[in-house]
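Novice: sharing a sequence plus its predicted fold:
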Amino acid sequence: MARTIAVSEEVYVLLKKNKLPKESFSKAIKRNVKKSVKLIDIAGIKILTKEDWRDIEKHLKIAQKKALDNMMGN
């Protein structure tokens, strides 16, 4: 039996971005509620923007520098 639900525009956009190609919204919701998202679930669906990747790289470089400084006793 199908049910109708209302979601905010923000939630709709997030769900649409997270939905796999040719996947129904019902299956996308079930997949995301049923388990935590793994990299394989989102590979190739372009959820992250270039800005997101730049932020990730920036934080990784900071973490690497801190780890190296800790190893060197700084």
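Specialist: Received, thanks. Residues are numbered from 1 along each chain as shown.

Novice: center of the chain - which residue?
Specialist: Per C-alpha atoms, centre = their mean, the C-alpha nearest to the average position across the chain is that of I47, at 6.2 Å.

Novice: ok, it - contacts?
Specialist: Remark: with contacts taken as C-beta atoms under 8 Å, 6 or more residues apart in numbering, I47 is in contact with K17, N18. All C-beta spots, glycine's among them, are computed from the backbone N, C-alpha and C.

Novice: how close does K22 get to R54?
Specialist: Separation of K22 from R54 (C-beta to C-beta, to the nearest Å) stands at 30 Å.

Novice: more neighbours, these two?
Specialist: R54 (10 against 6; other C-beta atoms under 10 Å).

Novice: element containing that one, please.
Specialist: R54 belongs to helix 50-72 when elements are defined using DSSP states H and E.

Novice: and the contacts of that helix?
Specialist: Residues beyond helix 50-72 that count as contacts (C-beta under 8 Å, 6+ apart) turn out to be L48.

Novice: again, 6 Å this time
Specialist: Contact with helix 50-72 is made by no outside residue, as judged by C-beta atoms under 6 Å, 6 or more residues apart in numbering.

Novice: how far out from the middle of the chain is that helix?
Specialist: Distance, stretch centre to chain centre, for helix 50-72: 19 Å (C-alpha atoms, centre = their mean, to the nearest Å).
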